[in-house]
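> what follows is a predicted structure for the sequence shown.
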Protein chains: 2
Amino acid sequence: MSSLKSQVSSLSFEIVACEGEARAALISTRRGVIETPVFMPVGTVGTVKGIRFEELESPDLGAQIILGNTYHLWLRPGIEVIKASGGLHKFIGWDRAMLTDSGGFQVWSLGKLRKISEEGTEFRSHIDGALCFLSPEISMQVQAALGAEIAMAFDECAPGEATHDDARRSMELTLRWAKRSKEAFERYRTAGGSQRVDVEKPVPPETAVDPLATASGSVPTSNLRHNQALFGIIQGASHLDLRRESLERTVEINFDGYAIGGLSVGEAKPVMLEVIEDIAPRIPADKPRYLMGVGTPQDLIEAVARGVDMFDCVLPTRNGRTGQAFTSRGKLNVKNARFTNDQRPLDESCRCSVCRRHSRSFIRHLYLAGEMLAAILLTHHNLAFFLDTMRGVRQAIRSGQFAKFRREFTEQLSSGFE
Amino acid sequence: MSSLKSQVSSLSFEIVACEGEARAALISTRRGVIETPVFMPVGTVGTVKGIRFEELESPDLGAQIILGNTYHLWLRPGIEVIKASGGLHKFIGWDRAMLTDSGGFQVWSLGKLRKISEEGTEFRSHIDGALCFLSPEISMQVQAALGAEIAMAFDECAPGEATHDDARRSMELTLRWAKRSKEAFERYRTAGGSQRVDVEKPVPPETAVDPLATASGSVPTSNLRHNQALFGIIQGASHLDLRRESLERTVEINFDGYAIGGLSVGEAKPVMLEVIEDIAPRIPADKPRYLMGVGTPQDLIEAVARGVDMFDCVLPTRNGRTGQAFTSRGKLNVKNARFTNDQRPLDESCRCSVCRRHSRSFIRHLYLAGEMLAAILLTHHNLAFFLDTMRGVRQAIRSGQFAKFRREFTEQLSSGFE
């Protein structure tokens, strides 16, 4: 592994303040500095659903980094289309940092539609039922073409209630896949420049045939395949011994950052917090810690208190589309008849453009009338609330006020609506 | 009618430039000055579908006035909810001018679901099938509560291919309804202040029971019911003699402006243009001329050339939601496979935020993936194109270059995509 360890990391991580386990840090990428703790809006197929990029960039939201998804983008529009644009950033028109998930979780989520083997995962496309195959090598190849600042190792997830035996099997497979992910990733990273690399065996550039090349194969790949960082993923379901072992052996492979995967997949919330509390502080302190797919604003704060730096979750966007607003006083369901004539904003403490302009009454009307604008406004507010909460978290840690922030946030949340 | 004629109009109209029949004018309302020729985006249920009000106000679009719809808003959320907010502007959060359609056209569009009598129209709600009744008086009452700067008389539409007899019957009914609309409207307007007016007979304020009053009947109505203008609607299908008679007798009633209704409802395009060419110039020159529900950007320019000042149409929003972009070189259907790897913007001549940022390739992907952002971006661009075209029309008329503008616009449109 020594050759892997000798790499120069493509991102730097600097802690600027701590309070207990909570940390405020800076992640430097080729596309700017990300202040942590950070919430990353989910842009599965190249769009954070229901919101324009201009809004994500606006001071209201100020998203520093968004997610893309290997599985979804690989199936549609396909890597050829994204490569023809010059990578995912150019394809979608987003110049800030991105992170791509490996597709492991999405394929796992397909349930009966997928078959997992040592080599990888065979599955049916959720779009057209076509038989597809995803492996660590293919995921890395796709992620290299997408060109996000942070790529993720290809992992297998175990259900929250997995037995010790099942969770171990899954964890061991994830570790073998992590090694293969890292090795494939390094081949792309060290190849660099305009070289093309076959996924199975590196070949000299003059004879290389890129398996991802398009008919118009003249698209330069020089900007796609270097300066990417790769994060490993810790699995082990709710079994702390497996989680610790997964962590230790994943760290041995040496990644640029470490994610806690396989949480918020059916286990009870105290179990989730127990895993985070045990594992997050054991992740090397000089590397970013990313909790995948979690959670509510309160979950985020509790995880920050346990040492987590990075988050992604579909809650603000998905719940926005189903009429639910996250507010400083808890969740608000705009469908509720009590809001029929309620002239107040979604959240009276919020200063986002939706809360400055529109009433609960109007947004409820839009939702009941099936108008797109309901989802647009709720998504905007929810993202603003998540991102603003994390801004508050960062400021609090930097000023040594995080314990107070956490206590007051929780108190207000549980006070409910009058 | 003399008492009606003595009114002070609630809007002023000033022509600033003419070229042939085309005119550039200013309509002053209590919510600012509208420069004509003007395109009014359609906000049927209180939202211009798929676009935020901030975008409508942005320089990209610069919408001066938007439409609301009496029929839709009356059924949902209902006038009580809008009154509780203090009128339609406050309910939706829009501080620029609005125009409300009377509901006549929408009820007529219900086809077999409605029964027209002298008194008004009985119909089944498209939402829940409930039996409803709309008349000139009720439409005026609802429009007074909505409080738009411009209200429309309650009319009946005849199909484009209506026989002379059918068109006459429809036109005569529309004229009787126009008188009733005007009379009901004047009762609200002259009542003014905080007075409440029953729709059937005006009563002193101290005993008035407002049929639209909510349980929380304390909502002041003083801002809702004055300073509104009322436009009459010219009908007569494709029969020029009926159109001229309709115009003459509608003008006798004396409205603040005149609309040409019942076009773009199935008749051939040359027939539509013939009616506009014959009728628009006969409308009193000192009043705004509004062509209802028409049309493509080219239709707009042709109508301006025939003397029309105001337009509304669902094309930019509706077609945006079905994947069609209006461009300076004609319509572009993003579903088309030829755009799969097309890195160009929707319209290479367009400077809107969508065209500055996103490619046809990306928008096509969004559309095929069923993503809301496709509709959002296409709607934005289409509205930008319509509104920008009208800005160009106004500048051209003011500088005496409209004939040239019209010719070049048409030439470019028919040049198509390379």
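The structure has been received and is ready for your questions.

> just say helix, strand or coil for residue A:232.
strand (DSSP: H, G, I helix; E, B strand; the rest coil).

> that one reaches residue A:259, doesn't it?
Yes - the pair residue A:232 / residue A:259 is scored as a contact, 7.0 Å apart, by C-beta atoms under 8 Å. Quick note: C-beta positions are derived from backbone N, CA and C, even for glycine.

> please enumerate the strands of the stretch 301-418 of chain A.
Counting by DSSP state E, counting those that start in this stretch, the stretch 301-418 of chain A has strands at residues A:310-312, A:324-327, A:330-333.

> next one: the stretch 101-250 of chain A
A:114-116, A:121-124, A:131-134, A:150-152, A:229-234.

> ok, which of those strands comes nearest residue B:168?
Across these, residue B:168 has its closest neighbour in strand A:121-124 (63.6 Å, C-beta to C-beta).

> can you tell me which helices and strands the closest one packs against?
helix A:104-109, strand A:114-116, strand A:131-134 (3 or more C-beta pairs under 8 Å, 6 or more residues apart in numbering or on different chains; DSSP states H and E).

> would JSON lines of these with mean pLDDT be doable?
Supplementary listing: the helices and strands packed on strand A:121-124 in JSON lines, determined by pLDDT from 0 to 100:
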{"stretch": "helix A:104-109", "mean pLDDT": "90"}
{"stretch": "strand A:114-116", "mean pLDDT": "93"}
{"stretch": "strand A:131-134", "mean pLDDT": "94"}
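
> which of the ones you listed sits most buried?
Mean neighbour counts were taken over these using mean count of other C-beta atoms under 10 Å in any protein chain shown, and the top value, a mean of 22, falls to helix A:104-109.

> shaky segments in the stretch 151-300 of chain A?
In the predicted model, the stretch 151-300 of chain A carries pLDDT under 70 at residues A:191-226.

> run the last query once more with 50
A:193-225 (pLDDT under 50).

> how close does the closest residue to residue A:336 other than its chain neighbours get to residue A:27?
Nearest residue to residue A:336 in three dimensions, chain neighbours excluded: residue A:364, at 7.8 Å (C-beta to C-beta, 6 or more residues apart in numbering or on different chains). As judged by C-beta to C-beta, to the nearest Å, residue A:364 and residue A:27 stand 40 Å apart.

> which ones are touching residue A:275?
A:238, A:240, A:243, A:260, A:263 (C-beta atoms under 8 Å, 6 or more residues apart in numbering or on different chains).

> can we see that at 10 Å?
A:160, A:234, A:236-240, A:243, A:260, A:262-263, A:267, A:291, A:306 (C-beta atoms under 10 Å, 6 or more residues apart in numbering or on different chains).

> same deal with residue A:280?
Counting by C-beta under 10 Å, 6+ apart, residue A:280 touches A:21, A:234, A:247, A:258, A:260, A:289-291, A:303-309.

> so which of those residues is the closest to chain B?
Comparing those against chain B with C-beta to the nearest C-beta places residue A:290 closest, at 25.4 Å.

> report the beta-bridge partners for the closest one.
Per DSSP bridges, the residues bridged to residue A:290 are residue A:259, residue A:310.

> ok, it - how many residues close by?
By other C-beta atoms under 10 Å in any protein chain shown, the residues close to residue A:290 number 26.

> how about the nearest residue to residue A:113, chain neighbours excluded?
Sequence neighbours aside, residue A:124 is the residue nearest to residue A:113 in space, at 4.6 Å (criterion: C-beta to C-beta, 6+ apart).

> wait, isn't that neighbour in contact with residue A:114?
Yes - counting by C-beta atoms under 10 Å, residue A:124 touches residue A:114, with 7.5 Å between them.

> shared neighbours, these two?
residue A:132.

> what about the residue nearest to residue A:88 when sequence neighbours are not counted, how many neighbours?
Using C-beta to C-beta, 6+ apart and skipping residues adjacent in sequence, the residue nearest residue A:88 is residue A:146, 4.3 Å away. Neighbours of residue A:146 under the rule other C-beta under 10 Å: 25.

> distance of residue A:146 relative to chain B?
Going from residue A:146 to chain B by C-beta to the nearest C-beta, to the nearest Å gives 14 Å.

> please name the residues that touch that residue.
Residues in contact with residue A:146 (C-beta under 10 Å, 6+ apart) are A:46, A:68-70, A:73-74, A:79, A:82-83, A:87-89, A:91, A:98, A:100, A:224, A:228.

> and for residue A:22?
Taking C-beta under 10 Å, 6+ apart as the test, what residue A:22 contacts is A:37, A:301, A:303-309, A:393-394, A:396-397, A:402-403, A:405-406.

> same question for residue A:270.
Contacts for residue A:270 were tallied using C-beta under 10 Å, 6+ apart; there are none.

> surely it is within a helix?
Yes - counting by three-state DSSP, residue A:270 is located in a helix.

> for chain B, see how far away it is.
For residue A:270, the distance to chain B - C-beta to the nearest C-beta - is 36 Å.

> then residue A:83?
Counting by C-beta to the nearest C-beta - residue A:83 and chain B are separated by 9 Å.

> any idea of the mean pLDDT in whatever helix or strand that residue lives in?
For residue A:83, the host element (DSSP states H and E) is helix A:79-85. Averaged over helix A:79-85, pLDDT sits at 97.

> then stretch A:338-350?
The model assigns stretch A:338-350 a mean pLDDT of 98.

> interface residues of the stretch 1-150 of chain A facing chain B?
Residues of the stretch 1-150 of chain A that fall close to chain B, judged by C-beta under 10 Å from any C-beta of the partner chain: A:43-55, A:58, A:72-73, A:75-78, A:80-86, A:90-95, A:127.

> and with 7 Å instead?
By the rule C-beta under 7 Å from any C-beta of the partner chain, the part of the stretch 1-150 of chain A lying against chain B is A:45-47, A:49-50, A:52-54, A:76-77, A:81, A:84-85, A:91-93.

> what two of the residues you listed are the furthest from one another?
Longest span within the residues of the stretch 1-150 of chain A next to chain B, C-beta to C-beta: A:50 and A:84, 26.4 Å.

> separation between the residue in the stretch 201-350 of chain A that chain B sits nearest to and residue B:247?
Of all residues in the stretch 201-350 of chain A, the one sitting closest to chain B is residue A:341 (4.3 Å; C-beta to the nearest C-beta). Distance of residue A:341 to residue B:247, given as C-beta to C-beta: 43 Å.

> so how far is residue A:266 from the closest residue to residue A:333 other than its chain neighbours?
The spatial neighbour of residue A:333 that comes closest, neighbours along the chain excluded (C-beta to C-beta, 6+ apart), is residue A:324 at 5.5 Å. From residue A:324 across to residue A:266, the span is 21 Å (C-beta to C-beta).

> more neighbours: which of the two?
Legend: neighbour count by other C-beta under 10 Å for residue A:324 and residue A:266, higher for residue A:324 (19 against 14).

> that one touches residue A:335, doesn't it?
No - counting by C-beta atoms under 7 Å, residue A:324 sits too far from residue A:335 to count as a contact (8.7 Å).

> just the element for residue A:100, please.
Residue-wise, residue A:100 maps onto strand A:97-101 under DSSP H and E.
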